[in-house]
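*Asks:* Below are the sequence and a predicted model for it; my questions follow.
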Amino acid sequence: MLRIIGIDPGSRMTGYGLIDTDGMHSVYLSHGVIKLSGEPLPPRLGEIFATISGLIQEHQPDVMAIEQVFVAKNPSSALKLGQARGAAICAAVYRGLSVAEYTPTRIKQAVVGTGRADKAQIQHMVQMILGLRQKPQADAADALAVALSHAHTHTTLMRQSGRGK
């Protein structure tokens with residue numbers, strides 16, 4: 001079993017999701033949203049680092065999968081998003097995890113089947129794939145989608161290398 005923590009980074013809300021996968025089936029473990037205060041950016045980045053570091057310590061994932069920064073219309077927002085990603089990545093590396101990065105389009109293709117899926121479609125597919133009773137909040141659903149994307153990619157790479165069944 002491979003345990004994956006998926007991260008949907010944000011400077012106001014950062015989603016996380018944890019799954020186990022055997023290559024054929026993925027099992028839901030946990031999800032949530034780190035809601036960050038209105039404080040200046042440095043304390044929020046510290047909160048992202050500390051919270052994700054704690055989640056890693058608690059759940060012992062094997063790898064972190066994280067969404068890559070997309071080009072935003074507002075350069076300031078893109079910079080803040082990049083810094084939030086950096087805080088999450090630093091927490092993973094600090095805890096000894098490797099980090100896999102995926103574009104939003106690739107994540108949507110892996111989970112929904114189209115790179116132009118909207119938030120509601122992602123929430124619905126994550127709920128169906130993982131057998132959840134309720135739709136997860138959008139940021140948490142995105143994080144679970146990142147984890148599922150890595151599960152699919154990891155399985156494919158293992159099969160191509162001859163190490164998978």
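*Replies:* Arrived safely, thanks for sending.
*Asks:* Could you list everything the residue nearest to Met1 when sequence neighbours are not counted pairs with in the sheet?
*Replies:* The shortest distance from Met1 to any non-neighbouring residue, by Cβ to Cβ, 6 or more residues apart in numbering, is to Asp20 (4.8 Å). (Glycine included, C-beta is placed from N, CA and C.) When assigned by DSSP bridges, Asp20 has beta-bridge partners Arg3, Val27.
*Asks:* Check whether Asp20 really touches Ser26, as I assumed.
*Replies:* Yes. Asp20 is in contact with Ser26 according to Cβ atoms under 8 Å; the separation is 7.1 Å.
*Asks:* quick revisit: mind listing what the residue nearest to Met1 touches?
*Replies:* Met1, Leu2, Arg3, Ile4, Ser26, Val27, Leu29 (Cβ atoms under 8 Å, 6 or more residues apart in numbering).
*Asks:* Go again with 7 Å.
*Replies:* Applying Cβ atoms under 7 Å, 6 or more residues apart in numbering to Asp20 gives the contacts Met1, Arg3, Val27, Leu29.
*Asks:* what's the neighbour count on the first one?
*Replies:* Looking back up the chat, that one is Met1. Per other Cβ atoms under 10 Å, the neighbour tally for Met1 reads 10.
*Asks:* hang on, it packs against Gly23?
*Replies:* No. Met1 lies out of contact with Gly23 (Cβ atoms under 7 Å); the separation is 9.2 Å.
*Asks:* ok but Gly15 is inside a strand, no?
*Replies:* Yes. Read with DSSP: H, G, I helix; E, B strand; the rest coil, Gly15 is one of the residues of a strand.
*Asks:* Could you check how far it is from Thr153?
*Replies:* Separation of Gly15 from Thr153 (Cβ to Cβ, to the nearest Å): 19 Å.
*Asks:* which SS class is Pro136?
*Replies:* coil.
*Asks:* wait, it sits on Met125?
*Replies:* No. Counting by Cβ under 7 Å, Pro136 sits too far from Met125 to count as a contact (11.1 Å).
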